[in-house]
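[1] compute the structure for the input listed below.
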Amino acid sequence: MTPRRSARAVRASAAGLALGLAGAGGAMAQDAGAPAPVRIAQAAPSPAQIAQAAPSPARSRATQSAAQKPPVSRPAPAPASQRELTTAATSNVAQSAAWQRCTTLSGTRERLDCFDRWAQDQQALVDAVQARSSAGAAASAAAPASASAPVPAPAPATAAVAAALASTQPPAPEGSPTVTASTGILGIGLEQGCKDRQFSDLSRFWELEEGSSCPTFSLRGFRPNSLSAVAASSVNDRPTSANPANSATTALDYSKQELRLQLSVRTKIASGLLTPAGSSKRDSLWFAYSQQSYWQFFNSGLSRPFRSTDYEPEAIYVYPTDLQLPGGVRWRYAGAGLVHQSNGQSDPLSRSWNRYYLMTGFELGNSVILNARAWKRINETVAKDNNPDIVDYIGRGELQAIWNVNRQNTLSTTLRSSFGRTDRGSGRIEWMRSLGDGAGNTFSGLRLHTQLFSGYGDSLIDYNRKRTVFSIGLSLVDF
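    Residues are numbered from 1 along each chain as shown. Below you'll find the model as predicted:
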C-alpha cells in the first residue's frame, strides 16, 4: 500500500469514527429527552489530528462494542408533589397497623387517644393527595391555549400509595360480600352500617343510605326502652270517656308515684323497593312494636298492680330525600305509617283507636333534627268506639325538635296539637345523658333519661285527663 493511499484510509477511518460517536451521542441525548445535536460543518482535520484520533485495535474494538450497546433511558426526576405523596405513602404503610394496636389497649381513654393519633397520621396522606391533585390542575390551567402538545396528566399513584390506602381499611370478615360506602381512609370502621357515626343520626336511624344500612330483619330500637320513676300532679282513679259504656263507676286508690316501663323495637322487612337501581339511597319498610306500662310499684295497699298498659304495633314506610334548603337545612326523608293502639282491657276501661299518618324529617348538620307527623283517625262505629273524642285531646299531629348538644347530651321537645280545633294537646321536654362512651367509632346506647310532660294523652287511659308528669330513669336507645 502506498503512503498516499494509507493516509486516505486513516482519514476515512477517523471520519467514520467521529460520525459514529456523534450518532451514538445524539441517540442517547434523544432518549434522555434532550434535543438532537445540530451538525456543524468543520474543516478537514490536520495530519496531526488524524494521527491522534486514529484508534488502536483494542480501542477500536471497545468503541465498536460501546456503539452497539442500546441507549440508556434516563427518566426525568419526579415532581415535588409526587415525591411528597410517595413519602407520605411510605410512612402510612409503616403506620397502617397502628389502629389494630389501639384495639389491644385496655383503658377507654388510652384507646381514644391512640385512635386520635392514628387519624392525625392519616392526614399526611390526604394532604399529599390533595397537593398532587392541585398541582395537576394548576399545570393544566397554566398551559397556553395555542400549545400543540397536550399537557400530560399527573402520573397515577404509585404502588406504595395504593398499599397505604388499602392498609388503612380494617380486614373484612371472611366471606363478607362488599365493603360498605361508609368505609373511608379516615374511617376506622369499628362500627359499620346503621352504627357508623360517619353518617348523620337521621341517616342511621332510618337507614337512608347504602352505607348506613343494617341487614334486613335485624332487631333495632325504636323509641327509648326505659325504666323510670314517675311523680305526677294527679292520677286518674276513675277513668271516663265520651262513650258512657266506657266510663268507670268506682274509684280506685291509685298513688301519684309510679314506675313507667317502655319497650319499643322494630325491624326492617324490606329495602330498595322504589329507589332507583344503582342509587346509594335506600327506601325501607318497617314493622315496629311499642309497649308502655304504668306500674303502681309503691302502692302496697293495692298489691302493686299495673294501672295501665298500652300496646302499639305499626307499619312504616320511609323514602329518602336529599334536598338542600336555605340556612343549611337538609330535607332527609318522607314516609307514611299505619298504627293501632289499645290497652287490652275490657269495658268500661277499654281504650283503642287506629290511624294512618304522614311524616317527614329535616336536619341541620348533625346537631339539630326536626321530625313532623300528621295523622288521620280511621273511624269506627259509634257502638264500638271506646273513645270517640280522642283526637280532640291527644291532637292530630306532632312536631319534634332534637338538639344534640354534644356526644353525651341531647335535648328534645315534642308538641302535639289539634291544629286549631281545640286548645288541647301536650308538650314534652326530655334530656338524655350518655352513660359511658365507646372507643373510636363505637358509642354507648345507655342514657340517663329525664322527662317533663304536661297535657293530655300520656297514656290511653288518661287521654282526656290533663296532668303534669316528671320522670327520671335509664333508657337504652339506638341498638
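
[2] quick one, grab the pLDDT at the closest residue to residue 327 other than its chain neighbours.
    Closest residue to residue 327 apart from its sequence neighbours, by CB to CB, 6 or more residues apart in numbering: residue 364 at 7.4 Å. Quick note: C-beta positions are derived from backbone N, CA and C, even for glycine. Per-residue confidence at residue 364 stands at 97 (pLDDT).

[3] what about residue 364, neighbour count?
    Using other CB atoms under 10 Å, residue 364 has 14 neighbouring residues.

[4] please apply the same query to residue 210.
    Residue 210 has 18 nearby residues by other CB under 10 Å.

[5] what's the pLDDT at it?
    So, for residue 210, pLDDT stands at 91.

[6] report the separation between it and residue 285.
    Computed as CB to CB, to the nearest Å, the residue 210 to residue 285 distance reads 16 Å.

[7] partners of the residue nearest to residue 327 in the sheet?
    residue 329, residue 368 (DSSP bridges).

[8] how about the helices in this structure?
    With helices called from DSSP state H, the chain shows them at 3-31, 47-53, 57-68, 80-95, 98-102, 108-142, 159-167, 201-206, 391-394.

[9] pLDDT on the second one, on average?
    Helix 47-53 shows a mean pLDDT of 48.

[10] doesn't residue 236 make contact with residue 465?
    Yes. Residue 465 lies in contact with residue 236 (CB atoms under 8 Å); the separation is 4.8 Å.

[11] if you count surrounding residues, which of the two has more?
    More crowded of residue 465 and residue 236, by other CB under 10 Å: residue 236, with 22 against 18.

[12] please report phi then psi for that one.
    Phi and psi for residue 236, reported as degrees, to the nearest 10, are phi -80, psi 90.

[13] now do the contacts for it.
    254, 461, 462, 465, 467 (CB atoms under 8 Å, 6 or more residues apart in numbering).

[14] where does pLDDT dip in the stretch 51-200 of the chain?
    51-101, 103-104, 124-126, 128-130, 132-191 (pLDDT under 70).

[15] what do you get if the cut-off is 80, keeping everything else the same?
    51-192 (pLDDT under 80).

[16] what's the burial count for residue 219?
    Residue 219, neighbours per other CB under 10 Å, totals 10.

[17] going forward, begin numbering at 267 instead of 1
    Done: numbering now begins at 267, and the last item shifts to residue 485.

[18] that one against residue 533, yeah?
    Yes. Assessed by CB under 8 Å, residue 485 is found in contact with residue 533 at 5.7 Å.

[19] which stretches of the stretch 567-716 of the chain have low pLDDT?
    686-687, 702-710.

[20] ok, which stretches of it are strands?
    For the stretch 567-716 of the chain, the strands identified by DSSP state E, counting those that start in this stretch occupy 572-590, 595-608, 618-630, 634-643, 663-670, 675-683, 691-700, 712-721, in order along the chain.

[21] and the contacts of stretch 465-476?
    446-448, 459-463, 477-480, 534, 537, 546-548, 550, 584, 586, 598-599, 601, 627, 629, 631-632, 635, 668, 670, 744.

[22] narrow the residues you listed to just the buried residues.
    Among the contacts of stretch 465-476, those buried by neighbour count (16 or more other CB atoms under 10 Å) are 446-448, 459-463, 477-480, 534, 537, 547-548, 550, 584, 586, 598-599, 601, 627, 629, 635, 668, 670, 744.
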